[in-house]
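Visitor: Sequence isn't available, so here's the structure alone:
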């Protein structure tokens, strides 16, 4: 449902104000240390423009970035080239992942799994990741927008953002029977003396921590731990983001 086409051109401008990616990379490394895993080759699912992939590559990890959006991957490749960082980027749907071998750890940050709308599809995807592409004892780390965030904070609310170059309206509709947050964004981007308009529609599913733990267990993962995404701490019941880690 989401396209991340034209959105790729403004994604970094919007997200860097909300997320400290170097600090998120610190959190990921702390969790890998907690699991006492010697991760070298790491696959970043739903990597977008490489905001998590590239900081970890600079820290010495051998990174693979996977995303469905060619526009987002193009931006990621441009950034990697500009800083002379070697990363393999693949255009794939993470629900049908097909790597060339196995890796030591998987990441899926900033809502990637929220976009998998079916719990069964998510379980099947995680089972495939564990059995086909994760080295024995490897670690999966991912974060999601919480049930509270999607159902209440975003809910059926409308938001407006205005900056020097970007203006957008963000209209949401929460479908409680399906636990889906339907998000419609209307962008106006300043280009020269005029504004260019484009639209984005995104659907995300609200998963609870209990549900995600059950899905991970059914997919064969163990030693499941929950954190708040930032700071590196134990999960809060009413938090806006939830970070989960598990061993394959």
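Guide: Thanks, I have the structure now. Computed from a predicted model, the values in this text were never measured in an experiment.

Visitor: Show me the chain divided up by domain.
Guide: Domain segmentation of the chain under automatic domain parsing yields 8-145+208-247, 149-204.

Visitor: Could you work out the end-to-end span of the last one for me?
Guide: Looking at domain 149-204, the gap from its leading to its trailing residue is 11 Å under the measure Cα to Cα, to the nearest Å.

Visitor: now stretch 143-157
Guide: Terminal-residue distance, stretch 143-157 (Cα to Cα): 23 Å.

Visitor: and what of stretch 125-132?
Guide: 10 Å.

Visitor: Most tightly packed of the domains of the chain?
Guide: domain 8-145+208-247 (a mean of 18; mean count of other Cβ atoms under 10 Å). Glycine gets a C-beta too; all of them are placed from N, C-alpha and C.

Visitor: re earlier: can you lay out the domains of the chain as TSV showing mean pLDDT?
Guide: Formatted as TSV, these follow (pLDDT from 0 to 100):
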stretch	mean pLDDT
domain 8-145+208-247	91
domain 149-204	90
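
Visitor: Spatially nearest residue to residue 119, not counting backbone neighbours?
Guide: Excluding the flanking residues, the one nearest residue 119 by Cβ to Cβ, 6 or more residues apart in numbering is residue 215, at 6.0 Å.

Visitor: ok so the one you found is a helix residue?
Guide: Yes. Under DSSP: H, G, I helix; E, B strand; the rest coil, residue 215 falls within a helix.
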